[in-house]
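# I'll drop the sequence and a predicted model, then ask my questions.
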Amino acid sequence: MPSDLIKGGAEQFSRLSGQLKLSAFLRDKIPTSVDGMSPNNPVMKALVEMPLAPGITGNSIIAVLPGKDIKTGNDGVVEYSSAHIDGAESEYIVRTGHSAQGHPLAIEEVRRILLKHINKK
C-alpha cells in the first residue's frame, strides 16, 4: 500500500478516535489483525460472552497439537480454551497445527456436518 494512503488513514483514525468513545484498547492506534485476536480486545470479549442464537446450531473443529492435553493445549497459536464454544452441538479435535482447514480430518468433519444439516431440510 502507498505510504501516503496509510498515513492519511492513520491521521483520519486519530481524528475520529477523539470524537468517538473508543476504549483505550482502540483509541491510541489503528488496530491491527493481531489486535483483533487479542484476548484484551473488547469486541472479542463481547463475542465470548454471546451465546449461540436460538435456532442456530454451532459446531466446532479445533486444532490441538499432537501430544498436548486437549483442555490445556493449543494449535501453536490459539489455546483450546479460546476456541471452545459452550453449547456447540459437536466439537471435533484435529491433532494438527493452526492451519487445520486443509487437514483431511477437518475436511471430513465439515463434510459430515454439512450432510447432517442438509438432511434436516
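It's in.

# can you pull out the helices in the chain?
Using DSSP state H, the helices of the chain run over residues 3-19, 24-27, 33-36, 42-49, 80-83, 104-118.

# Near the closest residue to M37 other than its chain neighbours, how many residues? Count them for me, please.
In space, and not counting its chain neighbours, M37 is closest to M44: 7.1 Å by Cβ to Cβ, 6 or more residues apart in numbering. C-beta: built from backbone N, CA, C; applies to glycine. Applying other Cβ atoms under 10 Å, we find 15 residues neighbouring M44.

# and stretch 100-118, which residues are buried?
By 16 or more other Cβ atoms under 10 Å, the buried positions in stretch 100-118 come out as A100, H103, A106, E109, I113.

# And stretch 35-46, by the same measure?
Residues of stretch 35-46 classed as buried by neighbour count (16+ other Cβ under 10 Å): N41.

# start to end distance for it?
Distance across stretch 35-46, first residue to last, is 15 Å (Cα to Cα, to the nearest Å).

# chain center to it, what's the gap?
Using Cα atoms, centre = their mean, to the nearest Å, the mean C-alpha position of stretch 35-46 is found 10 Å from that of the whole chain.

# wait, Y92 sits on V110?
No - with contact defined as Cβ atoms under 8 Å, Y92 does not reach V110; the gap is 9.3 Å.

# so what sits against both of these two?
Residues within reach of Y92 and of V110 at once, by Cβ atoms under 8 Å, 6 or more residues apart in numbering, are I61.

# got the domain boundaries for the chain?
Annotated domains of the chain cover 1-50, 55-121 [automatic domain parsing].

# and the ones you listed, which one's lowest on average pLDDT?
Among the domains of the chain, domain 1-50 has the lowest mean pLDDT, at a mean of 66.

# residues in contact with the residue lying closest to E91 once chain neighbours are set aside?
Leaving aside its sequence neighbours, E91 sits nearest to S60 (Cβ to Cβ, 6+ apart; 4.5 Å). Listed by Cβ under 8 Å, 6+ apart, the contact set of S60 reads A83, H84, I85, A88, S90, E91, Y92.

# Please tell me how far S60 sits from Y92.
Separation of S60 from Y92 (Cβ to Cβ, to the nearest Å): 7 Å.
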